[in-house]
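Trainee: show me how the following folds:
(2 chains)
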Amino acid sequence: MANAIDPRWAWEAYRPSNQQPWDLRKVGHLYRRAAFGATWAELQAGVTAGPEKCIDQLLQGGPGLAEFERSTLELSKSIRRTNDGPQGQAWWLYRMLYTPHPLKEKLTLCWHNHFATSQAKVQNMGYMLGQYDLLYRHALGNFRQLLHEITLDPAMMIWLDTIQSKKGQPNENYARELMELFSLGIGNYTETDIREAAKALTGYELRQGKAFWNATQHDSSVKTVFGKSGAFTAADIVNLCLDHEACPKFIAKRLFRFFVSETIPPTEELLAPLANQLRQSNFDLAKVTETILRSNLFFSPQAYRSRIKSPVDFALGIVRALEGRIGTTGLVEALSELGQRVFEPPSVKGWDGGATWLNGQTLLYRQNLALALTSTEDPRFGRRTDPARLAAKYRKETDADLVDFLVNLFLQGDIAPESRQSLLKYLEQSRHTQTPVYWTAQDAAEHRIRVVCHLVLTLPEFQLD
Amino acid sequence: MRWGTFLHRVVVLAILAPMYAAGKLFAADPLNNDPLRWVPREANLCLKIENPRLLVETFLHHPLYQQLRKLEALQEIWESNSLRRFQQLIAYYERELGKPWPKLLDDLAGNGIVLAFNTQNEGPFLLVVQGRDANVLAQFKDLALQVLEQEVGRNEAKWVRKQATHRGVVGYQVAPEFYLAQHDQILLLSNRDTVLKMGIDLIVDATDKQNNSGRPSIVSAPELAQARRLLSEGEPDGKPLVWLYGNYGAFRQSPDGKNLFAQPRNDVVLTLLFGGWLDAMGRNDYVAAGLFHRGDTMKLAIRLPSGREGLQPEMAAFCAGEPGSLPLLEPKQVIFSHSFYWDLGALYDLREKLMPAGTAKDFESATKQASRFLPGTTLPDLLRGAGKYHRLVVAHQEKCGYQTEPKQRIPAFAFVTAYRDARFPKAMDALLRSAALLAGAQAQLKLQEVTYQGVKIVGYRFPEDKPFPGSDPDDLRFNFSPCYAQVNDQFLVCSTIEFCQQLIDYLKSHSQEKAQSPTMQMQFYSTGLTAFLRSQPDLLETAAVLQQAVPIEEARRQVKEVLAYLDRLGTLKFQADFRPKTFHWDMIWKSGP
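Mentor: Below is the predicted model of the structure:
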């Protein structure tokens, strides 16, 4: 089937048609992939705005971004000082939840997974937040600059041992991952290239929290990398990687897997237009992101609900849809149980993602988290994410209205008719279930709404992105 | 006498006589309304609330609880669904039983509540609630059963209530491990039907002398009464809000118990930290604890019926005689203060009795090794020269001793020890100077000798004009200027020179203070803690924003309010005291700024 995808068609801008109308499903898909889910108002506004305006808005971000960035930067200062890892995670989740520019935040998460660096080894939240700043700054910027700066980023220098790489004792870790995971991919370099590049990466130390080039520890001999020779330094090696023909293809593939699909084979033909755009624009990430988000393939049935939601997408999607303003400290532990701790990816390869997000245990934890977020009885979230309040806000008074509302809000209608019937049946039966005598009629009615909302969130369809 | 009048009197007498007889029966026994009577002798852990209403009202009427209710940061808790449902449940009982909750609590549990366990037999428990109004209790039981069943049904548990009668008393099984029975003013709950039946036996035995089961009650245990008396001794009104009796006699006889209480024990750390306490515990079978309230003070008291008399001789390392400890050091903005008895010389000299043979030998050879590095003395001499009374103090300091402010403040701290041999400070001086020489070379510490109030302070500072050779991006080193000094018979080691000066003033002005009885005192001070927290409010503000997603201005307001509240929490003190015949361990919370 993948062979049947025409690259030209794939990356042409999507135009609504009778077969592929612009509707709630498309808006939901866009907000899941390019943001962290949508509220009911955002879904409605997206349908009205049409694809162009809706994507424009995501690319540009909403109003109040500068103030949001200033205030969260202020918050991060004490976390840097106290080196508080869990609070650092809560801080990033807070930004993801409340940012006026969710696409930029989402891409920051993408680059965090690409340049996977963990506080578990770095042990310095100041450096980790510094790396976050770098990834965020270039998330929709320039990959060339990003790769240069990440090479001498303090957290990365500790993570991949650049600080230990000295003349005569080069450490190959960064050189290897630079080629294998950050810019080229396996098959586009040799072991000699790595050894030679490692020599060029010697002599970089950390002083007063910043990269410092110690010429006495640097191997200034002539090295040969990708067939080119010279007294290369770190910057030269990064440029050699960026100028390698495999680099734009590798980055295009990374973005394709992140935004479009983890299952459609990313053939060279299919990705060629994206790689060319990257090469011609000197690695402009905003442009290639725009191409992907506006494309036919992005909105195609092949891409639609073809991925498993990551824990972050799962949890934040629920919170955003329920319009809850919750603290994120409580989410940190919950996401850890689900298998995703931001700032602590499991290895240099990042999170495996895809089907590995789900197993018997994480599925149970997902259900528990959904219950915690909808029951209003969990002290971490309290009544801040209350489906009953949301139903009242949008005046969903009948059982049918309520089920349709919740199914459209969370699943954009993607539910089997029999599942819808089961939800309605539950609501009908629950009218006759005896509630504690001390409950008011409103307590009982609100309880039904919360339970049915939890049931919607436990449907298999909700696990799909 | 008219016939009618006579008949009237007979009827009245017929009604009153049984009541009088019953009254006599109960009046003859001062424990007649004591729920402990219905606890089987097999229980070895009993917690009793004498007056549940008083206990609840003590907390609800406490000014700090009232203020806590008003804290903006906690409003969400008070408005939570769980708490609201609890209030609805109380309101439901009030409505159905026609009484406000305080009166209801008196009727239902006015004579006390006892929770008893047998910790040996996989932990069966028995809860005894003894009220004052049998009718109200019966109605309450019916309502509670109804509520329980609805909860079970709501959670879709497939369980049907079962019912059985034991000696004329109806018992219910409302969940797999939940049994309940009510008789007159008494409500019994347990996780075992056998234990529930034991409780019923004791209740029925009280009136049915013919078919008496002969089952003994916990009240027949002499240790229980002794424990209760022990608790009341020295307490102004002698009445605890809650008290506990624990009998660990069986544990003491078990292999684990013998290991724990044997001397010397294998776990040397346990001996060093709690040797004296364990010795007191190991000489009797029970412990008593009680919660007392008086004015602004709440006290949790733990008592053992064995004290200084009878201590094993080697316990001299932990409590040789009066006084037990020196007064707590309380400089300005103190956060934590600790004073304790620990005779290091005795610890060394009695090592063979305190430690297993191998450990004692290792200790001895280690001291010999260490002595090689001590200029002009040996470690045993140094330990013997040190005193028995030690104090540790932590306090907030407004000003940093450097021009460069550390990015994160660390409170100042000091260790103050009384010495008995004049050679001790000289030996310590040589030792600390050598250590500083080694450490100072790496950290570029600069020696600074200051004379303050006639006392020489030997201190070290980090240079501010040179880059630090190690990694310290947050400038944490500027929290420290390690130093030492001696004031009279006290030797001080402090984290900063400024704090040392403060302590010199303090020690000089408090030189007349008398030593005190407890062998260990430890106190936390809320005012010092809040002063420290106020010096870096952004830590709390960030936590508030991330926990509640409130705007920063609101977070600031909340933090200010919470700190003002913390200021009023007062002090929390822990103390251990070996009295001649008893051992006392207290936790004392004194509220107020």
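Trainee: B:T451: which element?
Mentor: strand B:446-452 (DSSP states H and E).
Trainee: what lines up beside the next helix or strand after that strand in the sheet?
Mentor: Note on strand B:446-452: by DSSP H and E, the next helix or strand toward the C-terminus is strand B:455-461. When pairs are called by DSSP bridges, strand B:455-461 turns out to pair with strand B:446-452 (antiparallel), strand B:483-487 (antiparallel).
Trainee: distance from the chain centre to the first one, please.
Mentor: Computed by CA atoms, centre = their mean, to the nearest Å, the chain-centroid distance of strand B:446-452 equals 42 Å.
Trainee: please apply the same query to stretch A:335-345.
Mentor: 12 Å.
Trainee: can you give me the end-to-end span of it?
Mentor: End-to-end distance for stretch A:335-345: 12 Å, by CA to CA, to the nearest Å.
Trainee: whether that stretch contacts chain B - can you check?
Mentor: No - Stretch A:335-345 lies apart from chain B when judged by CB under 8 Å from any CB of the partner chain; the minimum separation is 13.4 Å. From N, CA and C alone the C-beta is placed, and that goes for glycine too.
Trainee: got the contact list for stretch B:88-99?
Mentor: A:436-440, A:443, B:100-101, B:104, B:107, B:136, B:139-140, B:143, B:147 (CB atoms under 8 Å, 6 or more residues apart in numbering or on different chains).
Trainee: buried sites along stretch A:327-345?
Mentor: A:327-332, A:334-345 (16 or more other CB atoms under 10 Å in any protein chain shown).
Trainee: show me the contacts for the one residue in the stretch 401-550 of chain B that gets nearest to chain A.
Mentor: Here the stretch 401-550 of chain B gets closest to chain A at one residue, B:Q547, 4.0 Å apart by CB to the nearest CB. Contacts for B:Q547 (CB under 8 Å, 6+ apart) come out as A:G327, A:T329, A:G330.
Trainee: B:K399 now?
Mentor: Going by CB under 8 Å, 6+ apart, B:K399 touches B:E498.
Trainee: how many neighbours does A:V407 have?
Mentor: For A:V407, the neighbour count with other CB atoms under 10 Å in any protein chain shown is 20.
Trainee: please disregard the earlier target; I meant B:G401.
Mentor: So B:G401, with other CB under 10 Å, has 17 neighbours.
Trainee: so it is in contact with B:S495, correct?
Mentor: No - with contacts counted by CB atoms under 8 Å, B:G401 stays clear of B:S495, the gap being 9.9 Å.
Trainee: now the common contact residues for those two.
Mentor: Shared contacts of B:G401 and B:S495 (CB under 8 Å, 6+ apart): B:S481.
Trainee: shouldn't B:T582 be in contact with B:R229?
Mentor: No - the pair B:T582 / B:R229 is not scored as a contact, 10.9 Å apart, by CB under 8 Å.
Trainee: pick out whichever of these two has more residues nearby.
Mentor: Per other CB under 10 Å, whichever of B:T582 and B:R229 has more neighbours is B:T582, with 20 against 13.
Trainee: so which of the buried residues of stretch A:327-345 are in helices?
Mentor: A:T329, A:G330, A:L331, A:V332, A:A334, A:L335, A:S336, A:E337, A:L338 (DSSP state H).
Trainee: of these, which is the nearest to chain B?
Mentor: A:T329 (4.7 Å).
Trainee: relative to A:Q119, how far out is that closest one?
Mentor: 16 Å (CB to CB, to the nearest Å).
Trainee: can you name the residue of the stretch 1-150 of chain B nearest to chain A?
Mentor: For the stretch 1-150 of chain B, CB to the nearest CB, closest residue to chain A: B:Y92, 3.6 Å.
Trainee: would you say that residue is within a strand?
Mentor: No - B:Y92: not assigned to a strand; according to DSSP: H, G, I helix; E, B strand; the rest coil it is helix.
Trainee: quick revisit: would the residue of the stretch 401-550 of chain B closest to chain A count as being in a strand?
Mentor: No - according to three-state DSSP, B:Q547 belongs to no strand; its state is helix.
Trainee: before we move on, the earlier item: make a markdown table out of the ones in helices among the buried residues of stretch A:327-345 and add pLDDT.
Mentor: As requested, these are arranged in a markdown table below (pLDDT from 0 to 100):
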| residue | pLDDT |
| --- | --- |
| A:T329 | 96 |
| A:G330 | 94 |
| A:L331 | 96 |
| A:V332 | 97 |
| A:A334 | 96 |
| A:L335 | 97 |
| A:S336 | 96 |
| A:E337 | 96 |
| A:L338 | 97 |
